[in-house]
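Trainee: Sequence first, then the predicted structure:
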Amino acid sequence: MTSIRVRIAPSPTGPLHLGTARTALFNFLFARHLGGTFIFRLEDTDQARSSVEFEKDILNGLHWLGIQWDEGPGIGDEPPGGRGSYGPYRQMQRLERYTEAATRLLAEDKAYYCYCTPEELDAERKRQEAARETPRYSGRCSALSQADRAAFEVEGRTPVVRFRIPSNRTIAFDDIVRGHVEIDTNALGGDLVIVRSDGTPLYHFTVAVDDAAMAISHVIRGEDHLSNTPKHILLFEAMGAAIPKFAHLPLILNPDRTKMSKRKSQTAVAAYRAQGFIPEAFVNYLALLGWSTGTEEEVLSLADLIERFELSAVNKAGAIFDRGRLEWLNGQWIRRLSADDLIDRLRPFLEAELAAGRIDWIPADEDMRALLPVVQERLPTLAAVGELVRFLFVNELALDPTLIVPKRWDIATTIAGLEAARSVIAGVGEVSWEADEIEPPLRQLVEERGWKAGELFMVVRVAVTGRTATPPLFDTMVALGYERTLARLDRAIEQLQAVAAT
RNA sequence: GCCGCAUUCGUCUAGAGGCCCAGGACACAGCCCUCUCAAGGCUGAGAUCAUCGGUUCGAAUCCGAUAUGCGGUACCA
């Protein structure tokens, strides 16, 4: 059996896309599961749209997800061509190879120069569409004489290179996820342009040249390439290269079931990262979009995924990206994090809160650690930490006094409740400032006054935090501190009295 | 238009002829826990397995047609 070599070949024309990330993941899982080699190659021949920022985003994003490649460009001090013996791994550094391959195809008359201008081609296509014919290149330049060519050259035309697509042939292949697929060559649109008039190669050509040169054994990619596969097979044949196995993955869809796009969904991996999703959850979610273990296991680590991954078990139908499910998984994974780990991961989000002016200082690690028992299970995302604990780290609490008054209480009762609670809480004292010390006397107060615990607690909660939903009250007050708790109660009483006076 | 691929609860999926008048998870509803919010536990609702026809003693599973959706059809990738 020949060795397994797979690749992800993104083009740096945009930030790392969810779909690219998932394709990379499936390739990676497949390689790791079988002990194969995973290669990263940059398809940067679209110079007009490519940029180094996008390239960095893609590299960083994949690393963040824990997807490591055995061959390909690195992030830091790697050799410029990348690591691995089939490099370079950037197509713009492989230009001679495409020229060489094109020259050979030309020499063998498997390709030819075409002098048609884009305008002529366009007119031809329009005519065909009007006549309800299948648009396809006519082959007008397929048998040009030396004289014909010379005449075009004199006109100043620069030719493209077209690869001959045979007619009336059926190309068949056995797709690992879809099974047997047959496509007639007549449906391929005629002879294929493989080199632009400026001499740069086109995608279908580079992909075949590189996959052959890099000895790729399995091409695992999105379903949007299924219809293009015959072109690649023909190219492999023409170059005398072995034909790899193919596996076309189902697409990730927008909620309206169209192919996931930037317009309708959030597609940038970096955006999810910025919103507080953690890589464990993201990878877990992506792997289960279009694939399942066949068991009822749902929460799986990268190592688990590698162990269980089976390409043939991949689904055929597209899957809508379900953010709610991602959030649930993210919560699952956040709850599994160790305290130290969580604190480290939370820090950037706390810094962002500070930068946005939503908190006045960043809590010390020990303070965060003390908070974790009540915070960890309440975080669907890391970014949710701000909303959850913000009130602890501000000097001045923005408080809507009317929010304090419960539906079944009036202002006077509320003020009385707060004052009573204030004195009981003050009585606990700074030295016994623990949740277990604060709760009993307050419950006793409730008992004496014939109130409902929930109502008084809610009054205190809002007075002290400004919110109706918080972590457990007594833990919250402990985190706030004795002095600050009393100060906030005093301030709430003042504000309520002001409201009552009007 | 042409070619290709797909079609199981709202969503992600299990299911490879009898174990399925279809199982799990997310979301949803109710209950329990409970100082609120979560988390967790339990329960529930939710799918004529796209439709029609065929094969078979028996079909979500095999075959065909239809419908619908999506993808491809570039001097983009």
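Mentor: Received the coordinates, thanks.

Trainee: phi, psi of the spatially most central residue of chain A?
Mentor: Centroid-nearest residue in chain A, with CA atoms, centre = their mean: A:V269, separated by 2.7 Å. Per-residue torsions, A:V269: phi -60, psi -40 (degrees, to the nearest 10).

Trainee: if I look at it, how far off is RNA strand B?
Mentor: 16 Å (CB to the nearest atom of the strand, to the nearest Å). Where C-beta positions appear, they are placed from N, C-alpha and C, glycine not excepted.

Trainee: Who are the contact partners of that residue?
Mentor: The contact partners of A:V269, by CB atoms under 8 Å, 6 or more residues apart in numbering, come to A:15-18, A:21, A:61, A:64-65, A:282.

Trainee: In helices only, show me those.
Mentor: Mapping the contacts of A:V269 onto helices (DSSP state H) picks out A:18, A:21, A:61, A:64-65, A:282.

Trainee: so what does the helix or strand that contains A:I425 touch, helix or strand wise?
Mentor: Taking DSSP states H and E as the definition, one finds A:I425 inside helix A:411-428. When contacts are defined as 3 or more CB pairs under 8 Å, 6 or more residues apart in numbering; DSSP states H and E, helix A:411-428 packs onto helix A:435-449, helix A:453-465, helix A:482-501.

Trainee: what does that helix contact?
Mentor: A:404-406, A:409, A:437-438, A:441-442, A:444-445, A:449, A:451, A:455-456, A:459-460, A:463, A:477, A:482, A:485-486, A:489-490, A:492-493, A:496-497, A:499-500.

Trainee: One more: stretch A:329-348?
Mentor: With CB under 8 Å, 6+ apart as the test, stretch A:329-348 has contacts from A:276-278, A:280-282, A:284-285, A:298-299, A:362, A:365, A:368-369, A:372, A:376-377, A:379-382, A:385.

Trainee: just to revisit the earlier point, show the buried residues in the contacts of helix A:411-428.
Mentor: A:404-406, A:409, A:438, A:442, A:445, A:451, A:455-456, A:459-460, A:463, A:477, A:482, A:485-486, A:489, A:492-493, A:496 (16 or more other CB atoms under 10 Å).

Trainee: which stretches of the stretch 201-350 of chain A aren't confidently modelled?
Mentor: For the stretch 201-350 of chain A, no stretch has pLDDT under 70.

Trainee: possible to save the contacts of A:V269 as a markdown table with distance to RNA strand B and neighbour count?
Mentor: Shown next, in a markdown table, are the contacts of A:V269 (distance: CB to the nearest atom of the strand, whole Å; neighbours: other CB atoms under 10 Å):
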| residue | distance to RNA strand B | neighbour count |
| --- | --- | --- |
| A:P15 | 13 | 19 |
| A:L16 | 13 | 27 |
| A:H17 | 10 | 21 |
| A:L18 | 13 | 22 |
| A:A21 | 14 | 26 |
| A:G61 | 16 | 25 |
| A:W64 | 21 | 17 |
| A:L65 | 18 | 22 |
| A:F282 | 14 | 25 |
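
Trainee: just to revisit the earlier point, could you tell me the angle between the helix holding A:I425 and helix A:435-449?
Mentor: 140 degrees (axes from the mean of the first three to the mean of the last three CA atoms, to 10 degrees).

Trainee: what is the orientation angle of helix A:411-428 with helix A:453-465?
Mentor: Using the same axes, to 10 degrees: helix A:411-428 against helix A:453-465 is 80 degrees.

Trainee: Helices of the stretch 51-200 of chain A, start to end?
Mentor: A:52-65, A:95-107, A:118-130, A:146-154 (DSSP state H, counting those that start in this stretch).

Trainee: ranking the ones you listed by mean pLDDT, which is last?
Mentor: Per-stretch mean pLDDT for the helices of the stretch 51-200 of chain A is lowest at helix A:118-130 (a mean of 87).

Trainee: is it up against RNA strand B anywhere?
Mentor: Yes - using CB under 7 Å from any atom of the strand, helix A:118-130 reaches RNA strand B at A:118, A:121, A:125.

Trainee: Could you report the neighbour count for the closest residue to the second one other than its chain neighbours?
Mentor: Spatial nearest neighbour of A:L121, excluding adjacent residues (CB to CB, 6 or more residues apart in numbering): A:Y137 at 7.3 Å. Using other CB atoms under 10 Å, A:Y137 is surrounded by 21 other residues.

Trainee: A:W409 touches A:L456, doesn't it?
Mentor: No - taking contacts as CB atoms under 8 Å, A:W409 lies outside contact range of A:L456: 9.3 Å.

Trainee: now the stretch 401-502 of chain A, which segments are flagged as low pLDDT?
Mentor: Residues of the stretch 401-502 of chain A meeting the criterion pLDDT under 70: none.

Trainee: residues from it in reach of RNA strand B?
Mentor: A:453-454, A:457-458, A:461, A:468-475.

Trainee: Restrict those to the buried ones and give me that as a PyMOL selection.
Mentor: Selecting only the buried entries of these in PyMOL, with 16+ other CB under 10 Å as the criterion:
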select buried, chain A and resi 457+458+461+470+471+473+474+475
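
Trainee: is it possible to export the residues of the stretch 401-502 of chain A next to RNA strand B to JSON lines including distance to A:R164?
Mentor: Converted to JSON lines, those look like this (distance: CB to CB, whole Å):
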{"residue": "A:A453", "distance to A:R164": "84"}
{"residue": "A:G454", "distance to A:R164": "80"}
{"residue": "A:F457", "distance to A:R164": "81"}
{"residue": "A:M458", "distance to A:R164": "79"}
{"residue": "A:R461", "distance to A:R164": "77"}
{"residue": "A:T468", "distance to A:R164": "72"}
{"residue": "A:A469", "distance to A:R164": "68"}
{"residue": "A:T470", "distance to A:R164": "71"}
{"residue": "A:P471", "distance to A:R164": "70"}
{"residue": "A:P472", "distance to A:R164": "74"}
{"residue": "A:L473", "distance to A:R164": "78"}
{"residue": "A:F474", "distance to A:R164": "80"}
{"residue": "A:D475", "distance to A:R164": "75"}
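
Trainee: At the contact with RNA strand B, which residues of the stretch 201-350 of chain A appear?
Mentor: A:202-204, A:223-228, A:250-251, A:253, A:256-259, A:288-292, A:294, A:296, A:298, A:313, A:315-320, A:322, A:324-325, A:327-328, A:331-332, A:335.

Trainee: how about 6 Å then?
Mentor: For the stretch 201-350 of chain A, the contact set with RNA strand B under CB under 6 Å from any atom of the strand comprises A:202-203, A:223-224, A:226-228, A:251, A:257-259, A:288-290, A:292, A:294, A:296, A:298, A:315-320, A:322, A:324-325, A:328, A:331.

Trainee: out of the residues you listed, which are buried?
Mentor: Counted by 16+ other CB under 10 Å, those give A:202-203, A:223, A:226, A:228, A:251, A:288-290, A:292, A:318-319, A:328, A:331 as buried.

Trainee: Tell me the one among those residues nearest to A:K56.
Mentor: A:Y203 (22.1 Å; CB to CB).

Trainee: ok, now how distant is that closest one from A:L18?
Mentor: For A:Y203, the distance to A:L18 equals 21 Å [CB to CB, to the nearest Å].

Trainee: returning to that earlier point: any of the contacts of stretch A:329-348 buried? List them.
Mentor: For these, buried by 16+ other CB under 10 Å: A:276-278, A:280-282, A:284-285, A:368, A:372, A:376, A:379-382, A:385.
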